[in-house]
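J.: quick one, structure for this:
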Amino acid sequence: MADIFAVIADPTRRELLRVLLERRGGGGSAPAPSAAPGSVTADISVGEIVTSLGLSQPTVSKHLRVLREAGLVRVREVGQHRYYSVDDEPLREVSAWLDPFVEPTTAPPLVSVPSGRTSPVPVPAPLRRAAESLPDASDVGDALGRAVAGAQSRIVAPVKKRLGHREQG
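T.: Below you'll find the predicted structure:
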């Protein structure tokens, strides 16, 4: 499994997987040139990936080879052309391995939704802890107000005095 982590650690390979996943999921699922007219396939050619990502063909081919060797993509050869599709089984294994390490969110906070109802929205534990460690907004406002008032009295009063203005009470 360590090999798969190294493979998916590369941002270019993750982007390649995203393109392949979009093709499989119907996002831009146009038929491959070798497909029968009117059919839809999850396969995508190297040339289509090059165009989609704006990378060079050798770069795309190199990363696809690494993904193929890790079992993350399947290849279908038609003449001199290669068509790729995602094989998500290894990623399912990674996901299953990671599940015990992902802290479940318990008692998710409620937020208002446009309909006026409330709906639970899970907040990842690290974000929830960070938010809970922030000071209360009213305390911050009080402290800021006192700081501004103090600065004003230290600055404005001497300036008025110097300019000869007297405060009228």
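
J.: where does the chain dip in pLDDT?
T.: Counting by pLDDT under 70, the chain shows low-confidence ranges at 1-2, 26-41, 104-121, 137, 165-169.

J.: domain ranges for it, per the record?
T.: Domain segmentation of the chain under automatic domain parsing yields 2-94, 136-169.

J.: what's the most buried one of these?
T.: With neighbours defined as mean count of other CB atoms under 10 Å, these peak in mean count at domain 2-94, which reaches a mean of 15. For glycine as for every other residue, the C-beta is placed from the backbone atoms N, C-alpha and C.

J.: wait, doesn't Y83 sit right on D43?
T.: Yes. Using CB atoms under 8 Å, Y83 is in contact with D43, at 3.6 Å.

J.: which stretches of the chain form helices?
T.: 2-8, 11-25, 46-53, 57-69, 89-98, 125-133, 137-163 (DSSP state H).

J.: any idea which of those helices gets closest to V78?
T.: Of all those, it is helix 46-53 that lies closest to V78, at 11.8 Å by CB to CB.

J.: CA-only coordinates of that closest one in CSV, if you can.
T.: Extracted in CSV, the C-alpha atoms of helix 46-53 (Å, rounded to 0.1, in the frame of the first residue of the first chain):
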residue,chain,number,x,y,z
VAL,A,46,-3.6,10.1,-24.2
GLY,A,47,-4.2,12.9,-26.7
GLU,A,48,-7.4,13.9,-25.0
ILE,A,49,-5.7,14.0,-21.6
VAL,A,50,-2.9,16.1,-23.0
THR,A,51,-5.4,18.6,-24.3
SER,A,52,-7.5,18.5,-21.1
LEU,A,53,-4.5,19.1,-18.8
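
J.: contact partners of it?
T.: Helix 46-53 is contacted from outside by 12, 15-16, 19, 44, 55-57, 60-61, 64, 81-82, 84, using CB atoms under 8 Å, 6 or more residues apart in numbering.

J.: need those in a markdown table (columns: distance to A6).
T.: Compiled in a markdown table, those are given as follows (distance: CB to CB, whole Å):
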| residue | distance to A6 |
| --- | --- |
| T12 | 13 |
| E15 | 16 |
| L16 | 15 |
| V19 | 20 |
| I44 | 24 |
| L55 | 20 |
| S56 | 22 |
| Q57 | 24 |
| V60 | 19 |
| S61 | 19 |
| L64 | 16 |
| H81 | 29 |
| R82 | 23 |
| Y84 | 20 |
